[in-house]
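Engineer: Predicted model and sequence follow; I will ask about them next.
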Amino acid sequence: MNRIFSIGCAAGALVTTALAQTPRPQLNEAVLRQAQSAQQNQLATAKISGSFADGQEAPQLYPGESADVGPQYLMLSKPRRRWLEASTDVQFYYTSNVFLSEKGAVDTGVLLMTAQAAFAPEPFAVGGGELALKAGYREQMYLYGLDNTANQLNNLDFDVATVFASARYGFGQNWTAYLELDYNRYLSHEEHWTEFYTEVAPTWVLERKFELGANQIFSASYAGTAHWTYTDAPSNINDRIDSILALSWSWQFFPRWILQPSYRLQHTYYWQNSDRNDFFHTLGLSVAWLINDWASVRTFATWEARVSNAPDVSDYQKTDAGLGLSVALRF
């Protein structure tokens, strides 16, 4: 059975981490980068979609069936329209450098749980393309140091609460344009769910896919995200803009199984922080298995390095590796 598979765009707005005694601006930056990196890896995981359509010839049950009884065709009833979407994702991963430090890296395990509910009507035709709209709420919980709470890394636990609205437009020959507006609130578990960071983050994406055969796709995309932020003084130290070039190759090597290597180059410009420029290089590899039409599991590994022109910002390298489970339902 041939299936068409697609790769989710990696576009986000968060990320980084540090100890309880670390000054608040540094703590914010550590939490922000860790969160953004995890979300980008989560969004970039390949997914399978597509099935036989009405009138498409069904596969033969045995060799020569068509010659015996003639071609058989699938008769499917018209599906009812769906308006709501609910999804959840759980991933546990090891990170080799939880504080994103240049020296003396500390490793630990991280549990990331995501729940999302959205108003998401079926896509509709617009100007020769297809437009999909979505608006909803997403909650993410980050739990640290589950493998060794004696190190007090669990003091870093936090949630990200997000209200979002997005529009995705597919057009031309495998082109996709995407816009999303997020309002993110970071809440500290250690400080009784106190809000310690907020941001408004518009994101824009342009992606082009190239089919390399019946079961291979190469994807190239550009994503930009602006962050207007508020935290403890100085309140807007984290104001920045991300520009991301993402490349990936996806191979459906077995029905419902996808292998996907990828590379991301991210440039982050802090316009409120002395013209600071950071560059991130991320190499990733994932294997995803679609259990059925609404559930999938994956394993993944990434290597990331940062180079910054700011003398007080650490260059670092880190490796993440883990497992994830996703469930998505439409109503």
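Structural biologist: Received the coordinates, thanks.

Engineer: Next, the buried residues of stretch 238-247.
Structural biologist: Judged by neighbour count (16 or more other C-beta atoms under 10 Å), stretch 238-247 contains these buried residues: 238-240, 242, 244, 246. Just so you know, the C-beta spots here come from the backbone N, C-alpha and C atoms, and that holds for glycine as well.

Engineer: could the residues you listed be laid out in CSV, adding pLDDT?
Structural biologist: Listed next are the buried residues of stretch 238-247 as CSV, based on pLDDT from 0 to 100:
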residue, pLDDT
Asn238, 87
Asp239, 92
Arg240, 93
Asp242, 96
Ile244, 97
Ala246, 96
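
Engineer: continuing past the helix or strand bottoming out on mean pLDDT in the chain, what's the next helix or strand?
Structural biologist: When each helix and strand of the chain is scored by mean pLDDT, DSSP states H and E, strand 4-7 comes last, with a mean of 39. Remark: after strand 4-7, the chain's next helix or strand is helix 24-44, criterion DSSP states H and E.

Engineer: mean confidence score for that following helix?
Structural biologist: When pLDDT is averaged over helix 24-44, the result is 70.

Engineer: quick one: it to chain centroid distance?
Structural biologist: 12 Å (C-alpha atoms, centre = their mean, to the nearest Å).

Engineer: Just confirm Ala246 contacts Val205, I think it does.
Structural biologist: No - taking contacts as C-beta atoms under 8 Å, Ala246 lies outside contact range of Val205: 9.1 Å.

Engineer: What's the end-to-end length of stretch 264-281?
Structural biologist: Using C-alpha to C-alpha, to the nearest Å, the end-to-end distance of stretch 264-281 comes out at 6 Å.

Engineer: per-residue confidence for Gly109?
Structural biologist: As predicted, Gly109 sits at a pLDDT of 91.

Engineer: if we look at whatever helix or strand it lives in, which residues are touching it?
Structural biologist: Assigned by DSSP H and E, Gly109 belongs to strand 108-119. By C-beta atoms under 8 Å, 6 or more residues apart in numbering, the residues outside strand 108-119 that reach it are 34, 38, 42, 83-95, 98, 134-148, 151, 153, 164, 322.

Engineer: Out of these, name the ones that lie in strands.
Structural biologist: If you go by DSSP state E, the contacts of strand 108-119 have 84-95, 134-144, 164, 322 in strands.

Engineer: so where's this structure uncertain?
Structural biologist: Low-confidence segments of the chain, defined by pLDDT under 70: 1-28, 45-79, 147-151, 233, 273.

Engineer: Now with 80, please.
Structural biologist: 1-31, 39-80, 145-155, 232-235, 273-274 (pLDDT under 80).

Engineer: mind listing the strands for the stretch 101-250 of the chain?
Structural biologist: For the stretch 101-250 of the chain, applying DSSP state E, counting those that start in this stretch gives strands covering 108-119, 124-126, 129-144, 158-171, 175-188, 194-211, 216-231, 240-254.

Engineer: Determine which of those strands approaches Arg330 most closely.
Structural biologist: For those, the distance to Arg330 is smallest for strand 108-119, at 10.0 Å, taking C-beta to C-beta.

Engineer: orientation of the closest one relative to strand 158-171 in degrees?
Structural biologist: Between strand 108-119 and strand 158-171, the angle comes out at 50 degrees (axes from the mean of the first three to the mean of the last three C-alpha atoms, to 10 degrees).

Engineer: Going by neighbour count, which residues in strand 108-119 are buried?
Structural biologist: 108-112, 114, 116, 118.

Engineer: How many neighbouring residues does Leu323 have?
Structural biologist: For Leu323, the count of nearby residues is 12 (other C-beta atoms under 10 Å).

Engineer: now do Arg82
Structural biologist: 12.

Engineer: didn't it look like it was pressed against Pro123?
Structural biologist: No - using C-beta under 8 Å, Arg82 is not in contact with Pro123, being 11.0 Å away.

Engineer: Give me the buried subset of the ones in strands among the contacts of strand 108-119.
Structural biologist: For those, buried by 16+ other C-beta under 10 Å: 85, 87, 89, 91-93, 95, 134, 136, 138, 140-144, 164, 322.

Engineer: how much space between the closest residue in space to Ser243 that isn't next to it in sequence and Arg33?
Structural biologist: In space, and not counting its chain neighbours, Ser243 is closest to His267: 4.8 Å by C-beta to C-beta, 6 or more residues apart in numbering. Distance, His267 to Arg33, using C-beta to C-beta, to the nearest Å: 14 Å.

Engineer: ok, the two, which is more surrounded?
Structural biologist: Neighbours were tallied for His267 and for Arg33 using other C-beta under 10 Å; the higher tally belongs to Arg33 (22 against 14).

Engineer: wait, isn't the more buried one in contact with Leu100?
Structural biologist: Yes - at 6.0 Å, Arg33 counts as touching Leu100 under the criterion of C-beta under 8 Å.

Engineer: okay, the strand holding Gly109 in CSV with CA atoms only?
Structural biologist: Taking Å, rounded to 0.1, in the frame of the first residue of the first chain, the C-alpha atoms of strand 108-119 are listed here in CSV:
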residue,chain,number,x,y,z
THR,A,108,19.8,14.5,33.5
GLY,A,109,16.5,13.1,32.3
VAL,A,110,13.6,15.4,31.3
LEU,A,111,9.9,14.4,31.1
LEU,A,112,7.9,16.7,28.8
MET,A,113,4.1,16.3,28.7
THR,A,114,1.9,18.3,26.3
ALA,A,115,-1.9,18.7,26.1
GLN,A,116,-3.6,20.7,23.4
ALA,A,117,-7.2,21.5,22.5
ALA,A,118,-8.2,23.6,19.5
PHE,A,119,-11.0,24.7,17.2
